[in-house]
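Student: Based on what follows, work out the 3D shape:
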Amino acid sequence: MKSTKQKLDSSLPVKHWWITPPVARAIDLAGRLSLHESLTFAAVSEHRPGDGFASIAAIEDFINHINRWRHISGLEPIPDCKITPHMFRRTMALLTRDFPGAEIAVGMQLKHVTTRALANRVTSSYMDNNPAWARHLDDAISDRRFDRLTELFNADTNGQSIGLGPGADRLREAFTAVRAQAEHLRATGQTRRGDTRVEHDLLRRTRISIRFGKLNHCTMNDDDPAGAKCLEDTIVPDGHRGPLLDRCQPARCANSIIAPAHLPIWSAEQSSLHRLLDTGTLAPNHRRNIEVQLKDVDRVLGRSIQ
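Tutor: Numbering: from 1, shown residues only. I've put the predicted structure just below:
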């Protein structure tokens, strides 16, 4: 998407943004609702004077609507207090931290756009106005990521499977090294504790690269992306670090982990592809494409059986 920035900038710079189909549809709808002849994000109601969309007014309208109809919705009334758009930044960061899987849900909605935005700070100019937002979000995601890494570590310590694939093998090696170091510290009297907090403290200080996903986990090292299928034969955007999630190949990548929680999704995909192939009405090129997809799914599930 190409847009012209007007807010607080007299030079009117033209900027380009990566967007997903849902965002494109939302922008198209906003453009059709706009009463302004050239601005997409302008007033959408004749009762609101001026050309611009007022976020403060939108929040007031939302609060009034909730309070007006709470006898039907059953919601608690929103108290009369100062609420600004910037306050929602911290709210989102805290929700991302406190609700398990919240950052994954965001990723599913925005797909690779979220990861790219966080990886190369596409929105850095906006964050500069409020550095606390960047810190809140980074801290929230980091805390939740460590919680999930700790869950994997504990499962591996208890002899449970943490996943399949080369990425899982490297992760198990890293966990083994952490446990060995913890035992060394206890044996040499360098720690006063004897519980699992020693391992967890070491785990937090150990640089383990992992990104949690819905279909697989990625262990690609940004500084050494060897074996990353998503980066093969592609042009990486300037300033981008990390994987290109829209080109992820979980069944083929050396950095991929297929965890037990992922297997039901892959099994459902296998059944869905078989049903499509059994219809007998597919065009030849479409059938070949589905057969390639099915091979990848079979590779994942076949590995889980072995």
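Student: Look at residue 237 and tell me its secondary structure.
Tutor: Here residue 237 is recorded as coil under DSSP: H, G, I helix; E, B strand; the rest coil.
Student: burial count for it?
Tutor: 12 (other CB atoms under 10 Å). The way it works is simple: take the backbone N, C-alpha and C, and place the C-beta from them, glycine included.
Student: so how far is residue 72 from it?
Tutor: Distance, residue 237 to residue 72, using CB to CB, to the nearest Å: 47 Å.
Student: do the same with residue 179
Tutor: 56 Å.
Student: Of those two, which one has the most company?
Tutor: Neighbours of residue 179 and residue 72, each counted by other CB under 10 Å, are more numerous for residue 179; the result is 17 against 7.
Student: Is the more buried one in contact with residue 157, as I believe?
Tutor: Yes. Assessed by CB atoms under 8 Å, residue 179 is found in contact with residue 157 at 6.8 Å.
Student: Overlap in contacts, these two.
Tutor: Common contacts of residue 179 and residue 157 (CB atoms under 8 Å, 6 or more residues apart in numbering): residue 199.
Student: Tell me, how many residues neighbour residue 162?
Tutor: Around residue 162 there are 19 residues (other CB under 10 Å).
Student: in stretch 275-292, what's buried?
Tutor: Neighbour-count burial for stretch 275-292 flags residue 290 (criterion: 16 or more other CB atoms under 10 Å).
Student: Apologies, that question was intended for stretch 212-232.
Tutor: Neighbour-count burial for stretch 212-232 flags 212-213, 216-220, 225, 227-231 (criterion: 16+ other CB under 10 Å).
Student: Mark which of these are part of helices, please.
Tutor: In helices, judged by DSSP state H, none of those are found.
Student: From the residues you listed, which land in strands?
Tutor: Within the buried residues of stretch 212-232, residues falling in strands by DSSP state E are 217, 218.
Student: Sketch out the low-pLDDT regions of the chain for me.
Tutor: 7-8, 18, 42-53, 89-138, 140-141, 193-194, 303-306 (pLDDT under 70).
Student: From the buried residues of stretch 212-232, pick the one nearest residue 171.
Tutor: Proximity of those to residue 171 (CB to CB) peaks at residue 219, which lies at 6.2 Å.
Student: List the contacts of the nearest residue to the closest one once chain neighbours are set aside.
Tutor: Take residue 219 and drop its neighbours on the chain: the residue closest to it by CB to CB, 6 or more residues apart in numbering is residue 167, 4.0 Å away. Listed by CB under 8 Å, 6+ apart, the contact set of residue 167 reads 217, 218, 219, 253, 254, 255, 256, 257.
Student: Surely the fifth one is in contact with residue 227?
Tutor: Meaning residue 254. Yes. Residue 254 is in contact with residue 227 according to CB under 8 Å; the separation is 3.3 Å.
Student: Residues in contact with both of these two, list them for me.
Tutor: residue 166.
Student: Would you map the helices across the stretch 101-250 of the chain?
Tutor: When assigned using DSSP state H, counting those that start in this stretch, the helices of the stretch 101-250 of the chain occupy the ranges 102-110, 112-120, 124-127, 131-157, 166-187, 197-205.
Student: For the closest residue to residue 174 other than its chain neighbours, grab the count of nearby residues.
Tutor: Taking CB to CB, 6+ apart, and ignoring the residues beside it in sequence, residue 174 has residue 208 as its nearest neighbour in space, at 5.4 Å. Neighbour count for residue 208, taken as other CB under 10 Å: 18.
Student: Contact partners for residue 208?
Tutor: Residues near residue 208 by CB under 8 Å, 6+ apart: 149, 171, 174, 219.
Student: are any of those residues buried, and which?
Tutor: Neighbour-count burial (16+ other CB under 10 Å) applied to the contacts of residue 208 gives 149, 171, 174, 219.
Student: Next, format the residues you listed as a markdown table and append distance to residue 295.
Tutor: Output for the buried ones among the contacts of residue 208, formatted as a markdown table (distance: CB to CB, whole Å):
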| residue | distance to residue 295 |
| --- | --- |
| 149 | 31 |
| 171 | 26 |
| 174 | 31 |
| 219 | 23 |
